[in-house]
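Q: no letters, just coordinates:
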C-alpha cells in the first residue's frame, strides 16, 4: 500500500478520517487511529469563535500524542480571521496539518461566508488560503466540493487557485454543494483535478471498503481516500480497508467486540465531558454500533431514555450476549448508517 506525503509528513496507510461535527472528537479519533487510520481530523472549528476565546471551541482542540498525525479543520469566511485562528492553533503545537473547510453546507456556516459559500467566490477563497498558509507553521490542506451549484466554477479551477495560494493537498467530495449527500458522485472530476494540480488529491465520498478505495485511487489518480459516515459506529472500517487493499483476509468484529468498543468509546468520552453529556452523545453512537443486531430496535429504544452514561453503559454491557432465539450470524456493518431516534431527554450543555 502506498504512503501519502504532505510535504515532510508521511501518512500511512493513505486512509483518512473525515472531519465531522459532533463526531470526530478526541475519543472517536483515538479509536479510529487504533484501528488503522493513517490520519485523523478534528471536528470543524470556528475561526471566529477561536478569536473570541470561546471555551467550548477551544475544547475542540483537545488532542493526544497517540493520535498523531492530527489535522485540525478551520472554517470561516474572512481571510484575516482565519489567519489569526491558524496562528493560534499552531501555537498549541498539537496539530500536524490545518485544513480549510470549503464544503460544509450548514446554513449557519454558509451565511457567515464560510464552508461551501467559498466555492462561489474563487478569488476570496484563494485569498483566504494564502492568508492561512502565511500564518501557519504546518502544511495547509483544503476540503472542497465539486462546485457551489451548476454554472459556477468547478473544483478544477478552485483547486488550481488553492495550489497557487500554497495548499499542500486538496480533498474533494465530488458532489455539488446543493446536492449535499445525494448521488451522483462525479469521480471524473476527481481525476481531472488530480491531473490539473501537482499536489496530492484525496478522494472523499461513500468509500467504505478496500476494494472501492483501491478502485477510486486507480481510476482517478487520488493518492488517498477519506472516510466519513462509513466510520460511524464502525472504527474497524480502517482495519478492513487496509487489509483488503493489502490483499489480506479480514475478519469483522462480532457482537461482543462491537459492544466492548462502544463501552470503551463512552468511557473515554465521559472523562472528557462528564456523565450527562456523554449519555446524550453516546445515544447516537450506540445506535450506530448496534445496527444489524437482531434486537437493534429494542436496544436503540432502551438507550434513548438513559439519562447518564452509567445507565447507558449498563444497557450495552447487558446486551453483550445475543437475545434468546437469535442464533443467526451477526451481519457485517451495513454500508450506510441508520440514524437512531431523536426522542428522549435533551442534552444538558
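A: Alright, I've got the coordinates. If you're wondering where the values come from, they're calculated on a predicted model, not measured in any experiment.

Q: just the element for the nearest residue to residue 50 once chain neighbours are set aside, please.
A: In space, residue 50 comes closest to residue 85 once its chain neighbours are excluded; the distance is 4.5 Å by Cβ to Cβ, 6 or more residues apart in numbering. Using the backbone N, CA and C atoms, a C-beta is placed for each residue, glycine as well. According to DSSP states H and E, residue 85 maps onto helix 79-92.

Q: same thing with residue 278?
A: Residue 278 is part of helix 275-289 when elements are defined by DSSP H and E.

Q: could you point out which element follows that helix?
A: Sequence-wise, the next helix or strand downstream of helix 275-289 (DSSP H and E) is helix 296-304.

Q: who are the packing partners of that following helix?
A: helix 275-289, helix 309-318 (3 or more Cβ pairs under 8 Å, 6 or more residues apart in numbering; DSSP states H and E).

Q: off-centre distance for the last one?
A: When C-alpha coordinates are averaged (Cα atoms, centre = their mean, to the nearest Å), helix 309-318 and its chain have centres 26 Å apart.

Q: from residue 217, how far off is residue 41?
A: 19 Å (Cβ to Cβ, to the nearest Å).

Q: how about residue 159?
A: 17 Å.

Q: likewise residue 66?
A: In this view, residue 66 and residue 217 are 27 Å apart by Cβ to Cβ.

Q: with residue 64 instead?
A: For residue 64, the distance to residue 217 equals 29 Å [Cβ to Cβ].

Q: more neighbours: which of the two?
A: Higher neighbour count among residue 64 and residue 217: residue 217, with 23 against 13, using other Cβ atoms under 10 Å.

Q: so residue 208 belongs to a strand, correct?
A: No: counting by DSSP: H, G, I helix; E, B strand; the rest coil, residue 208 falls outside a strand, being coil.

Q: show me what contacts the nearest residue to it once chain neighbours are set aside?
A: By the measure of Cβ to Cβ, 6+ apart, the closest residue to residue 208 outside its immediate chain neighbours is residue 230, 3.5 Å from it. When the contact criterion is Cβ atoms under 8 Å, 6 or more residues apart in numbering, the partners of residue 230 are 206, 207, 208, 237, 335.

Q: could I get those residues as CSV with distance to residue 91?
A: Conversion of those to CSV gives the following (distance: Cβ to Cβ, whole Å):
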residue, distance to residue 91
206, 37
207, 34
208, 36
237, 33
335, 41
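
Q: helix or strand right after the helix or strand containing residue 156?
A: Element membership for residue 156, per DSSP H and E: helix 155-164. Remark: after helix 155-164, the chain's next helix or strand is strand 169-173, criterion DSSP H and E.

Q: just checking: what are the partner strands of that next one?
A: strand 140-145 (parallel), strand 201-204 (parallel) (DSSP bridges).

Q: reformat the ones you listed as TSV; add distance to residue 221.
A: TSV is the format used below for the strands paired with strand 169-173 (distance: least, Cβ to Cβ, whole Å):
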stretch	distance to residue 221
strand 140-145	16
strand 201-204	7
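
Q: tell me the contacts of residue 118?
A: For residue 118, the contacting residues are 77, 102, 124, 125, 128, by Cβ under 8 Å, 6+ apart.

Q: ok, of those residues, which come out buried?
A: For the contacts of residue 118, a burial check counting by 16 or more other Cβ atoms under 10 Å picks out 77, 102, 125, 128.

Q: against residue 153, how distant is the residue lying closest to the first one once chain neighbours are set aside?
A: What it means is residue 77. Leaving aside its chain neighbours, residue 77 sits nearest to residue 113 (2.4 Å; criterion: Cβ to Cβ, 6+ apart). Distance check for residue 113 against residue 153: by Cβ to Cβ, it reads 17 Å.

Q: thinking again about what came up before, the helices and strands packed on helix 296-304: which one's closest to residue 185?
A: In terms of Cβ to Cβ, the element of these nearest to residue 185 is helix 275-289, at 22.3 Å.

Q: output the contacting helices and strands for that closest one.
A: When contacts are defined as 3+ Cβ pairs under 8 Å, 6+ apart, helix 275-289 sits against helix 255-273, helix 296-304, helix 309-318.

Q: for the residue nearest to residue 96 when sequence neighbours are not counted, which residues are in contact?
A: Nearest non-adjacent residue to residue 96, counting by Cβ to Cβ, 6+ apart: residue 69, 3.9 Å away. Shown in contact with residue 69 (Cβ under 8 Å, 6+ apart): 9, 11, 39, 40, 96, 97.

Q: please compute how far stretch 24-31 lies from its chain's middle.
A: Relative to the centre of its chain, stretch 24-31 is centred 10 Å away, using Cα atoms, centre = their mean.
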